[in-house]
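Participant: All I have is the shape, not the residue letters:
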């Protein structure tokens, strides 16, 4: 019978039998070293692996990486736009790759009608997508279960304009014209102009293929908890911490937990997801809603001041529903209360500082946080120009083919060809006046658009607490302790 003992001076296993003879087994030494390394990895701070669970209904904002044909079964690959936190630690970092597919195509009736009135007979669809795999940071693929999403669109982060001197009406028009000129020039100077040219030509055809453009973003919710193993280390880093809402020094500080500007009377920018849909069509002044804080906030002492999962209580303060004759909707709200996961509540003064919105919605935020649809600046110019061009069909002092080509602006390329081949001034002018009438309807007579933010829209709120959690007091005990 052998008795095993550990040598105090050598990394070897010593055996001793009843007669006192000693021996060393090399394979036992290798096992001992391996066990020692594993023990150190488990016991040392920052080396432990923790199992965490991302809860059901957690929103994932996923942005498509490449153009994809709009076909059922087409594979999708996207990246996570924002990190996912669990217990105030990053569970999935921003940029994580997710994979899914197009599971269904639904008819887009309103877009089809709008397009057919303009000579485009493409059977437009809305794609239904579902994501079922996530690529973890170590490269492994893990299955996930999420709901289906149909509201895919390119997302633009809106923010209030900087404070500017008040301009005259003429000065305002000049400034807007300059901005539109810059945006038009960017179409020809930024990368991808060849692809944009092809897509523009497609829009002039009576029928063209559809695709899902790169940059299209969906927000899906998990329908089953996702279990992950992550490094168990203290929360730190600039990926998860909010930044002070004001001050130039805040923008220059090194990566790390955000400095506590709330202690100096400045606000925090909290990132949150709306918990329900709010719309200028149905909301009323005084209605309340909730938004869940997505990213935890730490102060300069690395203490947790606003935990992830806290609820902000918002209140509608002004609402204006869209009406006929192009009158657009308007919505204004504020946040008045912050509820921490432990039940503690704190009154705050919070205003909208940014919001993720579809580029198609054409929204703007004013300096006080109100959101409204942009009014077209071409309501006068476009109809007048189209009527003038339509009248060129009756000119007799120039090339008649050129006049008919210029006049026939409706129905895209089909309208151009009909105006040229018909060899009739009346046909060309009729097509041109039809286009002018459509522009008058769209810009002056059609029903305006409401301001609507669907559930899980990501917002950015500047809060101004009077006292309590945001200045570092009241919830220090809730901050996760380094282990």
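Facilitator: Cool, got the structure. Since we're looking at a predicted model, the values are computed, not measured.
Participant: Now the phi/psi pair for the closest residue to residue 70 other than its chain neighbours, please.
Facilitator: Distance criterion C-beta to C-beta, 6 or more residues apart in numbering; nearest residue to residue 70, sequence neighbours excluded, is residue 210 at 4.1 Å. C-beta here means a position set from N, CA and C on the backbone, and glycine is covered the same way. Note on residue 210: its backbone torsions stand at phi -100, psi 150 [degrees, to the nearest 10].
Participant: number of nearby residues for residue 210?
Facilitator: Neighbourhood size, residue 210 [other C-beta atoms under 10 Å]: 15.
Participant: do you know how far it is from residue 126?
Facilitator: Applying C-beta to C-beta, to the nearest Å, one obtains 10 Å for the distance of residue 210 from residue 126.
Participant: Same check on residue 322?
Facilitator: Taken as C-beta to C-beta, the span from residue 322 to residue 126 is 22 Å.
Participant: cool, and residue 182?
Facilitator: Distance from residue 182 to residue 126, by C-beta to C-beta: 32 Å.
Participant: before we move on, what about residue 357?
Facilitator: Distance from residue 357 to residue 126, by C-beta to C-beta: 18 Å.
Participant: more neighbours, those two?
Facilitator: residue 357 (23 against 15).
Participant: Okay, now the sheet partners of the helix or strand harbouring the more buried one, with direction.
Facilitator: According to DSSP states H and E, residue 357 maps onto strand 345-358. Counting by DSSP bridges, the strands paired with strand 345-358 are strand 153-158 (antiparallel), strand 330-339 (antiparallel), strand 458-463 (antiparallel).
Participant: any idea which of those is most buried?
Facilitator: Most buried of the strands paired with strand 345-358 by mean neighbour count (mean count of other C-beta atoms under 10 Å) is strand 458-463; its value is a mean of 22.
Participant: which residues touch that one?
Facilitator: Residues outside strand 458-463 that contact it (C-beta atoms under 8 Å, 6 or more residues apart in numbering) are 61, 82, 159, 219, 245, 267-274, 291, 294, 312, 335, 338, 348-356, 453, 470.
Participant: Write the PyMOL selection for whichever of those are buried.
Facilitator: Burial among the contacts of strand 458-463 is assessed by 16 or more other C-beta atoms under 10 Å; the matching PyMOL selection reads:
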select buried, resi 61+82+219+245+267+268+269+270+271+272+273+274+291+294+312+335+338+348+350+351+352+353+354+355+356+453+470
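Participant: returning to that earlier point: what is the following helix or strand past the strand holding residue 357 packed up against?
Facilitator: Downstream of strand 345-358, the next assigned helix or strand under DSSP H and E is strand 363-365. Secondary-structure packing of strand 363-365 (3 or more C-beta pairs under 8 Å, 6 or more residues apart in numbering; DSSP states H and E): strand 153-158, strand 345-358, strand 371-373.
Participant: Compare those and give me the one nearest residue 447.
Facilitator: Nearest to residue 447, of all the helices and strands packed on strand 363-365, is strand 371-373, at 11.5 Å by C-beta to C-beta.
Participant: Name the next helix or strand downstream of that closest one, please.
Facilitator: Counting by DSSP H and E, what follows strand 371-373 is helix 381-391.
Participant: list the buried ones in that next one?
Facilitator: Neighbour-count burial for helix 381-391 [16+ other C-beta under 10 Å]: 382, 383, 386, 387, 389, 390, 391.
Participant: can you list those residues in a markdown table and add pLDDT and distance to residue 72?
Facilitator: Shown next, in a markdown table, are the buried residues of helix 381-391 (pLDDT from 0 to 100; distance: C-beta to C-beta, whole Å):
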| residue | pLDDT | distance to residue 72 |
| --- | --- | --- |
| 382 | 87 | 38 |
| 383 | 89 | 41 |
| 386 | 91 | 39 |
| 387 | 91 | 44 |
| 389 | 91 | 42 |
| 390 | 91 | 42 |
| 391 | 90 | 47 |
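Participant: Of those, which is the nearest to residue 56?
Facilitator: residue 382 (48.7 Å).
Participant: Spatially, what comes nearest to the closest one if we skip its sequence neighbours?
Facilitator: Using C-beta to C-beta, 6+ apart, the closest residue to residue 382 is residue 439 (5.0 Å).
Participant: Domains in this structure, by residue range?
Facilitator: Domains of the chain are assigned by automatic domain parsing as 3-44, 50-164+201-226, 234-362+449-474, 381-445.
Participant: Isn't the residue nearest to residue 382 up against residue 387?
Facilitator: No: contact criterion C-beta atoms under 8 Å: residue 439 and residue 387 do not qualify, at 9.1 Å.
Participant: Find residues that contact each of those two.
Facilitator: In contact with both residue 439 and residue 387: no residue, using C-beta under 8 Å, 6+ apart.
Participant: For this structure, give me the ranges with low pLDDT.
Facilitator: 1-49, 163-173, 176-177, 187, 230-267, 465-483 (pLDDT under 70).
Participant: mind redoing it with 50?
Facilitator: 1-32, 34-47, 233-265, 468-469, 471-483 (pLDDT under 50).
Participant: can you give me the helices for it?
Facilitator: Remark: helices assigned in the chain by DSSP state H are 26-43, 109-116, 169-189, 193-204, 248-252, 381-391, 400-407, 412-421, 425-440.
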